[in-house]
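1. Predicted model and sequence below, questions to follow.
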Amino acid sequence: RALEDELRRFSVPEEEYAELLRRQRRESAGERPSVRVDSIAIEGIRRVPLERVRRRIETREGEPLSFRTLGLDLQRVYQLGDFESVQYRIERGDSGNRLVLEAREKPWGPGYLRFGFALASDFEGDNTFRVIGHFRRPNVNRLGAEWKTVVALGNPLDAMTEFYQPLGAGGSWFVAPRFAWERDRRDAYLENGEREGLKTGRTTGGLDVGIQMGSHGEIRLGVLRGRVRLEPTTDTTVAPSARAIGGPRFRAAIDVLDDTFFPTRGNRTTLEAFLSRGRLGADEKYETLAFEVLQAGTLGRNTLVGKVDFGTGFGSTLPYHAQQELGGFLELSGLPRGYLRGDVRLLISLTDYWRVRKLGALGKLYVGAAIQAGNVWAAGDDPTLADLVHSGTILAGLSTDGLPVLLGVGFAEAGNRAAYFLVGRAF
């Protein structure tokens, strides 16, 4: 009895002892103990507006820390493209648990330049080559404006520049004036298999007003105006023309893919619409809509990526420069770019790739295959599944942080085939 009284001095309340047992079970099972986040701090920020980083963080003060959410926070901040590394630490003190995000800005900049190139060959001497330069200048002003310019040499030859201006520090609303120029030489393919040479030129300018949806998407509404020229380079059934284009446009996009080029999980969905209208300077009245949804999922080393791509002219006959088209890499691989043209487009594809191994600083090596089925139809046609054109692709790729590499061979119906070699931002 005396010993029992002596030991009672070291006892704890029953509730506290039960919590101790639960904590020991969690730790023995490999689970992290629960941590309440009392405050959040961000360190290492010099050029990037602090509110721009805060908007990427979904971990909240006063709530238990979810390491899964924290991992996604670090990934979203890193994807801004302004940081060399993003890490975290937890500081425990009298005021509670302080979550500190350490973001190390890139020592180069403030502008960033990337290159890429793409090569396609149909094994019969018809080759196309493109070199692309992508310049991005973030944080132009204290509101986090960004200037982006893309220039492509080859065929097509084009340039695009956009100035993205937020309307408040850390705010969601923005305006984005843009300008684009393009020159393209291509073949138009007739139903009897004959080819006609065409040269097209397009110059457009526009202004968008939009809102950012967190760190994953945006909605834009704007106006587009410009001119498009069509010049035959061979005997052709297409007459030369010069047309003014103009009208309102709408775009909504959400992108939660974990990687742009070799996604292993997530979704990307886009919806775009354009209404060509005479009161905004257009010579022809028509409407177009494009919808695309891509879903990726991974089990072990195997990743499946499914995509549905649909476009329509809402029953109207579209002018040549606005037609829906299919052909090219992963858009009925093996067929030339723009081989199929019409007023309605449908493409369904499934890609399966396997992570062969990790190559350290070189990235991850993948091999895989893709199947595609799709076609285009003229306005008034009655589409059926029997109309679908089928294609297959064998591919291998190297996923790196800044310079992904992809090699593929496509096989389509009627003996059409092509090889593709793509590096960096060219695809």
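-> Structure received.

2. While we're on the residue lying closest to Ser66 once chain neighbours are set aside, how confident is the model there?
-> Leaving out its chain neighbours, the residue that sits closest to Ser66 by CB to CB, 6 or more residues apart in numbering is Thr59, at 7.2 Å. For every residue, glycine as well, the C-beta is placed using N, CA and C. Turning to Thr59, the model gives it a pLDDT of 90.

3. could you measure Thr59 against Ala418, distance?
-> 47 Å (CB to CB, to the nearest Å).

4. out of these two, which sits in the more crowded spot?
-> Ala418 (27 against 19; other CB atoms under 10 Å).

5. close enough to count as contact, that one and Thr393?
-> No: taking contacts as CB atoms under 8 Å, Ala418 lies outside contact range of Thr393: 9.6 Å.

6. Mutual contacts of those two, please.
-> Common neighbours of Ala418 and Thr393 (criterion: CB atoms under 8 Å, 6 or more residues apart in numbering): Phe329, Ser333, Gly334, Val409, Gly410.

7. still on that earlier bit, tell me which helix or strand the residue nearest to Ser66 sits in.
-> If you go by DSSP states H and E, Thr59 is not part of any helix or strand.

8. show me what contacts it?
-> By CB under 8 Å, 6+ apart, the neighbours of Thr59 are Val37, Ile40, Leu65, Ser66, Thr69, Leu70, Asp73, Leu99.

9. show me what contacts the residue sitting nearest the centre point of the chain?
-> In the chain, the centroid-proximal residue (CA atoms, centre = their mean) is Thr260; its distance is 5.2 Å. Counting by CB under 8 Å, 6+ apart, Thr260 touches no other residue.

10. for it, phi and psi?
-> Thr260 adopts backbone torsions of phi -70, psi -40, taken as degrees, to the nearest 10.

11. For Leu221, list each beta-bridge partner.
-> Val209, Phe250 (DSSP bridges).

12. Same check on the one 5 residues further on?
-> Per DSSP bridges, residues listed as beta-bridge partners of Gly226: Thr204, Ile245.

13. related to what we said a few turns ago, of the shared contacts of Ala418 and Thr393, which pair is most distant in space?
-> Phe329 and Val409 (10.4 Å; CB to CB).

14. higher neighbour count, those two?
-> Phe329 (21 against 17).

15. ok so the more buried one is a helix residue?
-> No: using DSSP: H, G, I helix; E, B strand; the rest coil, the secondary structure at Phe329 is coil, not a helix.

16. Surely it and Ala419 touch.
-> No: look at Phe329 against Ala419 with CB under 8 Å: they stay out of range, at 9.9 Å.

17. Residues that sit against both of those two, list them.
-> What both Phe329 and Ala419 touch, as defined by CB under 8 Å, 6+ apart, is the set Ala120, Gly408, Gly410.

18. which residues sit against stretch 185-203?
-> 155-156, 180-184, 226-238, 321, 336-341.

19. List only buried entries from those.
-> Buried members of the contacts of stretch 185-203, counted by 16 or more other CB atoms under 10 Å: 156, 180-182, 226, 228, 230, 232, 236, 336-341.

20. can you tell me which of the residues you listed lies nearest to Arg357?
-> Arg337 (33.1 Å).

21. quick one: the closest one and Ser121, what's the gap?
-> 12 Å.

22. Need the residues touching each of those two.
-> By CB under 8 Å, 6+ apart, the residues touching both Arg337 and Ser121 are Thr128.

23. on that earlier part again, in helices, which of the buried ones among the contacts of stretch 185-203 appear?
-> Residues of the buried ones among the contacts of stretch 185-203 located in helices (DSSP state H): none.

24. Which of those fall within strands?
-> With strands taken from DSSP state E, the overlap with the buried ones among the contacts of stretch 185-203 comprises Ala180, Trp181, Glu182, Gly226, Val228, Leu230, Pro232, Leu340, Arg341.

25. Excluding covalently adjacent residues, which one is nearest to Ser316?
-> That would be Tyr286: by CB to CB, 6+ apart, it lies 5.1 Å from Ser316.

26. Strands along the stretch 51-200 of the chain, start to end?
-> With DSSP state E, counting those that start in this stretch as the criterion, the stretch 51-200 of the chain has strands at 83-93, 96-105, 112-121, 127-137, 146-154, 157-166, 173-189, 195-213.

27. okay if I get the ones you listed as JSON lines plus distance to Ala386 and mean pLDDT?
-> JSON lines is the format used below for the strands of the stretch 51-200 of the chain (distance: least, CB to CB, whole Å; pLDDT from 0 to 100):
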{"stretch": "strand 83-93", "distance to Ala386": "52", "mean pLDDT": "88"}
{"stretch": "strand 96-105", "distance to Ala386": "55", "mean pLDDT": "89"}
{"stretch": "strand 112-121", "distance to Ala386": "29", "mean pLDDT": "88"}
{"stretch": "strand 127-137", "distance to Ala386": "31", "mean pLDDT": "90"}
{"stretch": "strand 146-154", "distance to Ala386": "37", "mean pLDDT": "94"}
{"stretch": "strand 157-166", "distance to Ala386": "37", "mean pLDDT": "96"}
{"stretch": "strand 173-189", "distance to Ala386": "21", "mean pLDDT": "91"}
{"stretch": "strand 195-213", "distance to Ala386": "26", "mean pLDDT": "92"}
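
28. Show me the one of the ones you listed that comes nearest Glu325.
-> That would be strand 173-189 among the strands of the stretch 51-200 of the chain, by CB to CB, at 9.8 Å.
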